[in-house]
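Peer 1: what shape does this take:
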Amino acid sequence: MAILSDYTEENQEQPIIKPIEKQEEKSSSFSAPKEDEKSSSAPKEKLNPNKSNGLDMENYAWGQSLQEVNINVPVPHGTKSRFLVVDIKNNSLKVGLKGQPLIIDGEFFKAVKGDECYWSLEDQKEISILLTKQNKSDWWKRLLKGGPEIDTQKVEPEPSNLSDLDTETRAAVEKMMFDQRQKQMGLPTSQEITNQDMLKKFMEQNPDMAKNFANAKMMPNSKKMMG
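Peer 2: Purely as a prediction, here's the structure:
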């Protein structure tokens, strides 16, 4: 984990986080529930993603692309980096101010590359966190395990950014978009088309087997006619 922060040492008392005014459309703050709480909780309705394809929480907001996850955590103006707790691991995240309850504390929905994650303190009033996904072909439906879930079917990637992706990720995105369109129209997916092409090519290379296959399909009808 790399840190990009302001480490200027000044005599200043540790700030106290004040609750951020709750907005109607934002979800409540989140700490990962215990296992027994997870099993007893009823299924929750999927939420519409924000403009960044993530979710606006009460005390922070997160968004994502196929490759990365961005988290923005407001803190009291004038906060110094030495007062912060930011612990990014491959499977978990802790964020807050020293001596106070953590703002974020839980396990990631999916793993990240801890050595390719960064955080910085912006204008002494907001923690900005950049996470690099290990799997760059999936949309996260939640930031932390057990947290509020977004409807990934409503995620809207920007087409203009498609050309900026690496070859592997771009191919995965294009395949996902193609398959989604095909399913909506009731047409075969890319894998189904591949299977059909392979079967057709095999039949062309083995005409005798193709005849036997065709005869085998006609056998039941022939027997019925003879009966």
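
Peer 1: CA only for contacts and neighbour counts going forward, please
Peer 2: OK.

Peer 1: ok, now how distant is Pro101 from Asn212?
Peer 2: Distance, Pro101 to Asn212, by Cα to Cα, to the nearest Å: 72 Å.

Peer 1: which residue lies nearest the spatial centre of the chain?
Peer 2: Closest to where the C-alpha atoms of the chain average out (Cα atoms, centre = their mean) is Trp140, at 1.8 Å.

Peer 1: can you give me the pLDDT of that one?
Peer 2: Listed pLDDT for Trp140 reads 96.

Peer 1: and what of the one 10 residues further on?
Peer 2: We have a pLDDT of 96 for Ile150.

Peer 1: residues touching it, list them.
Peer 2: Lys46, Leu47, Asn48, Pro49, Gly54, Leu55, Lys141, Arg142 (Cα atoms under 8 Å, 6 or more residues apart in numbering).

Peer 1: quick check: chain neighbours aside, which residue is closest to it?
Peer 2: Closest residue in space to Ile150, ignoring its immediate chain neighbours: Leu47 at 4.5 Å, by Cα to Cα, 6 or more residues apart in numbering.

Peer 1: can you pull the contacts of the one you found?
Peer 2: Pro148, Glu149, Ile150, Asp151.

Peer 1: same question for Lys94.
Peer 2: With Cα under 8 Å, 6+ apart, Lys94 has these contacts: Val85, Val86, Asp87, Ile88, Leu102, Ile103, Ile104, Asp105, Gly106.

Peer 1: any idea which element it lies in?
Peer 2: strand 92-97 (DSSP states H and E).

Peer 1: buried set for that strand?
Peer 2: Buried positions in strand 92-97, judged by neighbour count with 16 or more other Cα atoms under 10 Å: Ser92, Leu93, Val95, Gly96, Leu97.

Peer 1: quick one: neighbours of Gln153, just the number.
Peer 2: 11 (other Cα atoms under 10 Å).

Peer 1: assign it to helix, strand or coil.
Peer 2: Following DSSP: H, G, I helix; E, B strand; the rest coil, we place Gln153 in the helix state.
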